[in-house]
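Peer 1: Give me a model of this one.
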Amino acid sequence: MPDDRIHKIVSEDVIHSSVIIDVTTRSDAGYYMCIARNCTGEDRCEVELNVTGRPTCMSARLEIRNEN
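Peer 2: Below you'll find the model as predicted:
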């Protein structure tokens with residue numbers, strides 16, 4: 001993954017890192033693999049990112065009746 005203005009890889013310290021996607025699009029959806037390596041070996045973790053559409057506002061009709 002590129003480290004650009006939208007996709008950021010942040011290393012908090014030698015143990016913790018984060019991937020930040022500021023503005024997601026459907027093209028960001030998919031599987032992401034984190035690979036950690038050191039002198040004792042390697043470990044991997046995979047996560048799936050689903051990007052759905054923006055929530056839509058339901059148009060509702062409001063009726064107020066005065067039934068006296």
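Peer 1: now the strands for the chain?
Peer 2: Using DSSP state E, the strands of the chain run over 7-11, 17-21, 30-38, 41-49.
Peer 1: and those as a markdown table, adding mean neighbour count and mean pLDDT?
Peer 2: Bear in mind the C-beta positions are built from the backbone N, C-alpha and C, glycine included. A markdown table is the format used below for the strands of the chain (neighbours: other Cβ atoms under 10 Å; pLDDT from 0 to 100):
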| stretch | mean neighbour count | mean pLDDT |
| --- | --- | --- |
| strand 7-11 | 12 | 81 |
| strand 17-21 | 12 | 82 |
| strand 30-38 | 10 | 88 |
| strand 41-49 | 9 | 91 |
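Peer 1: which residues does Lys8 contact?
Peer 2: Neighbour list for Lys8: 19-22 [criterion: Cβ atoms under 8 Å, 6 or more residues apart in numbering].
Peer 1: Beta-bridge partners for it, please?
Peer 2: With DSSP bridges as the criterion, Lys8 is bridged to Ile20.
Peer 1: and what of Cys34?
Peer 2: Beta bridges link Cys34 to Cys45, judged by DSSP bridges.
Peer 1: do the same with the one 4 residues further on
Peer 2: When assigned by DSSP bridges, Asn38 has beta-bridge partners Gly41.
Peer 1: quick one: it from Ser17, how far?
Peer 2: Here Asn38 is placed at a distance of 13 Å from Ser17 (Cβ to Cβ, to the nearest Å).
Peer 1: Quick check: Tyr32 touching Ser18?
Peer 2: No - applying Cβ atoms under 8 Å, one finds Tyr32 not in contact with Ser18, separated by 11.7 Å.
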